[in-house]
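>>> I need the structure of the sequence given here:
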Amino acid sequence: FMVSPCDGKVLSILRINDNITHVAVYLNVFDAHVQWCPVDGRVMSRVHKKGRFHPAYMLNKSKYNERVETIIHVPMINDEIKLVQIAGQLCRRIVNFVHERERFERGDLFGMIKLGSRVDVFVPHDKVKLLVHVGDKLLGNKTIFGKLVR
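Alright, predicted model coming up:
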């Protein structure tokens with residue numbers, strides 16, 4: 001199974017194409033801003049993109065925000081997921097603890113975003129059965145986020 005990578009509230013769940021579902025999780029200032037690895041895997045790439053600092057709950061504006069995008073290969077489903085740490089209006093710093101080609105286990109520390117922010121999760125919808133819904137309150141490294149399907 002896959003655990004939630006962070007505390008927060010599910011803002012949206014959208015199928016963005018034939019293969020990928022996008023889950024946006026908003027972290028308010030009262031949530032713990034630590035992220036955990038949601039599955040066992042290996043980091044394929046990690047890219048920091050500079051940007052603006054719009055409120056992270058505004059899906060249309062925050063697509064221009066500062067972010068760190070990490071692509072993870074998940075051996076159990078022989079596919080990739082992507083975690084995107086997004087800076088918010090108050091946030092000015094994203095910390096990512098994983099490195100390219102590094103292997104990690106579910107529950108390992110992944111990173112931290114300082115203050116209000118968002119974590120986006122992109123999963124192959126035919127290989128991850130989501131167990132969260134819009135409006136759900138998640139606890140990082142505790143809430144079951146989805147079931148991996150082989």
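>>> pLDDT below threshold where in the protein?
Along the chain, the parts satisfying pLDDT under 70 run over 91-92, 116.
>>> all helices of the protein, in order?
59-62 (DSSP state H).
>>> in this structure Asp39 contacts Val74, no?
For residue 39 the amino acid is Val, not Asp. Yes. Val39 lies in contact with Val74 (Cβ atoms under 8 Å); the separation is 5.1 Å. C-beta here means a position set from N, CA and C on the backbone, and glycine is covered the same way.
>>> shared neighbours of those two, anything?
By Cβ atoms under 8 Å, 6 or more residues apart in numbering, Val39 and Val74 have these common neighbours: Ile81, Leu148.
>>> ok, these two, which is more surrounded?
Val39 (25 against 21; other Cβ atoms under 10 Å).
>>> residue contacts, the more buried one?
Met2, Val3, Ile72, Val74, Met76, Ile81, Arg106, Leu148.
>>> buried ones among those residues?
By neighbour count, with 16 or more other Cβ atoms under 10 Å, the contacts of Val39 hold Met2, Val3, Ile72, Val74, Ile81, Arg106, Leu148 as buried.
>>> any idea what the residue nearest to Met76 when sequence neighbours are not counted is bridged to?
Distances taken as Cβ to Cβ, 6 or more residues apart in numbering put Leu148 closest to Met76, at 5.1 Å, once the chain neighbours are dropped. In this structure, Leu148 bridges to Val128 when assessed by DSSP bridges.
>>> ok, Leu148 touching Val128?
Yes. Counting by Cβ under 8 Å, Leu148 sits close enough to Val128 to count as a contact (6.1 Å).
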